[in-house]
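*Asks:* Any chance you can model this:
(2 chains)
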Amino acid sequence: MSDPSSQGPLVLQFQNTVKDYGGKKIGPVDLNIGNGEIVGFLGPNGSGKTTCVRLMLGLIRPSSGNVRVNGYDPISRHVQALNHVAYSPELPNIQTFLTPTELLTLVLHELEFKGDKEDEIKRVLELVGLIEYRDTKVGKLSKGMVQRLSVAQALIGNPELLVLDEPMLGLDPAGSAHFREVFREFATGGKGTVFMSSHMMNEVESLCTSVLIIHSGRILFRGSSSEVIRKVLDYSVVTVEAQGLQQETINSIKEMPNVSQVTINNQTIEIIIKGHEDIRPDLSDLIVKSGAKLYTIKTADNMLERAYIEALKKNGVDR
Amino acid sequence: MKRAIAKRKVLALLAFTILLDTFPYYALSTATNGTGFIPLPAYPYIWVAGVFGLQPLFLNFTAILIAASAMSEEYEQGTAELLLSKPVRRNDYFAGKFLGGFILFLIILAFNILLSVGSAFTFFGPQASLEILPGLFIVQAFSSLIFYSLAFMLGELVRRSSLAYIFSSAVFFASFIISGYLGLIYSLTGKEFYRTVQIYLPTSPANSLPVQYASPLLPQTVGIVLRFVGADNTIVPTIELSVAILLAYTVTAIVLAAGYFWYADISRRMG
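*Replies:* Numbers count the residues shown, from 1 in each chain, chains lettered A, B, ... in the order given. Now for the predicted structure:
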């Protein structure tokens, strides 16, 4: 599936790229990622997400087609291609006998970092909340802390493209929220690009400017969260939190145009609407005029998850 | 290097080196005390027992232990993937892994030589001809390259440290044992074919070269000590041929490992 709809200069390109593992083939993948995007890469296990990531990092060779990172082939021009690319793997493989400071010093050495190394290490450790553990052996850090360190080793040295594999895995809610802000700040104003593989739909929906859904090595959908939702789902969902709703009002809601289903759970009502027309203004008018207290009215939080599941179902994946 | 030192395997090797370079001297001094088992003129050269006695088995096996895991453990632990996702040249990574492990081996080799001389001095008095030690260190290091390179290559090809140890050790012991049988058959039959095959087995130049280098530089009396540790008989006829065979094996192994590393995909972490 070709998708040239990227912003700014291209940092990542897949051109008819195929990886043939013998028994299993991933691709052909055509993909352009522009500078400043935060891309959420979604797909079930074995769909080809990791293969795409490994192709862009030059860890594996494409069987046919091309991959370009910053305009360079990541295999034959590995150093030029990955000069400003940083990777945080899903299960960080960090030597347990190193301390965060030692690891980051090693990474800066590999990056041939020219600035003040101590300052850079301090900056990044503060950014990920590990400054107090700078001299603690990795083997003594918790899973969440190791995940933070994995992101730290990716953020260090001023990268321009962050490739993150499940970056929020093992983080507490506060940590996830903090990292969302870090990644958003990283990409603000076209400073950097984030390519994030994840199974956490809410994280992707709230953070990413663009979503890719991959299945069996083929990209099924590409666009903003709302675009993907509109492409995949023929319905939308609105949730209402209100107090003092009468049966008469609920009946009126059910009779609204395109409303197909209303489900009540205590003070919360879930309304399923055919199509994607925004009924929230009319709905709020109706509820307020009925005399009920309206607390919230919004599109359901998990629409991307519904779209993702529906997209996979349409392609023969039930779970 | 830091990882290698952090692993208990290296500590075990060092401990084993200490044991092998001290206890035999103590036992030998006790056994020869007043018996004339080792003649007095040979006492200043008793250090060669430790230096040459360990080469055939322990040093080559140490080289295998270090080299077999140099590449494979990086794949097994997933650190190869993390390191090579950085803007690091594959050539630099490969050279770093090869040289890093070899430097570690050189440290153990130097430790072995120093400990042998120290023990010899302690139990048998002042030692002589020590000026050849720097050259001998280089020759022993070069001789050990053959099994270091073979194990390094196998580690890269199979990408499993346990398999690499097994295959490398199998090559080493097979060569060692077959060489013994071929030598015996040759001595019984006199057929040149068996001698030729024996010469080109990897253990032959690895064990011959240090003796070929040191023998002309040491007095005749050292022959008693060399005979005692079974290092008096070189299989390869000339020093040039030993060097040539060592180079052929070493270069072939390095080229195969480098070629595979360059063209094959980087393995993912294994469970």
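
*Asks:* how many neighbours does the residue of the stretch 51-200 of chain B at minimum distance from chain A have?
*Replies:* Going by C-beta to the nearest C-beta, chain A is nearest to B:Gly78 of the stretch 51-200 of chain B, at 3.0 Å. C-beta coordinates here come from the backbone N, C-alpha and C atoms, glycine included. Neighbour count for B:Gly78, taken as other C-beta atoms under 10 Å in any protein chain shown: 18.

*Asks:* backbone phi and psi for it, please?
*Replies:* phi 80, psi 0 (degrees, to the nearest 10).

*Asks:* how near is it to A:Leu245?
*Replies:* Note on B:Gly78: its distance to A:Leu245, by C-beta to C-beta, to the nearest Å, is 55 Å.

*Asks:* Let me see the ranges of the helices in chain B.
*Replies:* Using DSSP state H, the helices found in chain B span residues B:2-6, B:8-32, B:47-53, B:60-77, B:79-84, B:90-124, B:133-158, B:161-189, B:192-200, B:203-214, B:222-228, B:239-263.

*Asks:* would JSON lines of these with mean neighbour count and mean pLDDT be doable?
*Replies:* JSON lines is the format used below for these (neighbours: other C-beta atoms under 10 Å in any protein chain shown; pLDDT from 0 to 100):
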{"stretch": "helix B:2-6", "mean neighbour count": "15", "mean pLDDT": "59"}
{"stretch": "helix B:8-32", "mean neighbour count": "15", "mean pLDDT": "80"}
{"stretch": "helix B:47-53", "mean neighbour count": "25", "mean pLDDT": "86"}
{"stretch": "helix B:60-77", "mean neighbour count": "25", "mean pLDDT": "91"}
{"stretch": "helix B:79-84", "mean neighbour count": "20", "mean pLDDT": "86"}
{"stretch": "helix B:90-124", "mean neighbour count": "18", "mean pLDDT": "92"}
{"stretch": "helix B:133-158", "mean neighbour count": "23", "mean pLDDT": "95"}
{"stretch": "helix B:161-189", "mean neighbour count": "16", "mean pLDDT": "93"}
{"stretch": "helix B:192-200", "mean neighbour count": "15", "mean pLDDT": "94"}
{"stretch": "helix B:203-214", "mean neighbour count": "25", "mean pLDDT": "91"}
{"stretch": "helix B:222-228", "mean neighbour count": "19", "mean pLDDT": "79"}
{"stretch": "helix B:239-263", "mean neighbour count": "17", "mean pLDDT": "96"}
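
*Asks:* can you put those helices in CSV and add distance to A:Leu125?
*Replies:* What follows is the helices of chain B, written out as CSV (distance: least, C-beta to C-beta, whole Å):
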stretch, distance to A:Leu125
helix B:2-6, 20
helix B:8-32, 30
helix B:47-53, 49
helix B:60-77, 23
helix B:79-84, 18
helix B:90-124, 26
helix B:133-158, 34
helix B:161-189, 32
helix B:192-200, 56
helix B:203-214, 48
helix B:222-228, 58
helix B:239-263, 33
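
*Asks:* Out of these, flag the one nearest A:Val39.
*Replies:* Among the helices of chain B, helix B:79-84 comes nearest to A:Val39, with 21.1 Å by C-beta to C-beta.
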